[in-house]
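**Student:** Next come a sequence and a model predicted from it.
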Amino acid sequence: MKNFLVKTIANAGALAVAVWLLDKITLTGDSTGREIGTLLLVALIFGVVNFLVKPVVKLLSLPLLILTLGLFTLVVNALMLLLTSWLADQLDLSFHVEGFWTAVLGGLIISVVSWALNVVLPDGD
């Protein structure tokens, strides 16, 4: 449970960095507390999407992953971010990613920052 909480906080931090760096990834709220709550909920959705959907998409796109020597992973990450944005919209959360190329860059930023935070944050095992 602690490991799940640490990964969710790392995802929230990575999403916050992407929102801060990219104008076309938006997170709005009435107050700072509401924005943090929304960010944590979106990080939770992002984690669930990465846990349930991403392995299936990677398996189905395995030939493209091999052909591009893994670079197709950027596209898969972008699709997971766009799916998270769509789900957040369906749940009435104020998180939106505008466009595929923004999602590619956002996915790259989130991957790098999340990796760095997972290195720094303690592991719950």
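**Tutor:** That came in fine, so what should we check first?

**Student:** and residue 43, that's in a strand?
**Tutor:** No. Applying DSSP: H, G, I helix; E, B strand; the rest coil, one finds residue 43 to be helix, outside a strand.

**Student:** any idea how far residue 7 is from it?
**Tutor:** 9 Å (C-beta to C-beta, to the nearest Å). Yep, even glycine has a C-beta here, placed from its N, CA and C like the rest.

**Student:** Mind checking which of the two has more residues around it?
**Tutor:** More neighbours surround residue 43 than the other of residue 43 and residue 7, with 24 against 20 (other C-beta atoms under 10 Å).

**Student:** Run through the residues that contact the more buried one.
**Tutor:** Counting by C-beta atoms under 8 Å, 6 or more residues apart in numbering, residue 43 touches 8, 9, 11, 12, 15.

**Student:** Now do the buried residues in the strand or helix carrying residue 3.
**Tutor:** For residue 3, the host element (DSSP states H and E) is helix 2-21. Within helix 2-21, the residues that count as buried by 16 or more other C-beta atoms under 10 Å are 6-8, 10-19.

**Student:** and what of stretch 110-121?
**Tutor:** Result for stretch 110-121 [16+ other C-beta under 10 Å]: buried residues 110, 111, 113, 114, 117, 118.

**Student:** ok, residues contacting it?
**Tutor:** Against stretch 110-121 from outside (C-beta under 8 Å, 6+ apart): 6-7, 9-11, 13-15, 17-18, 46, 77, 81.
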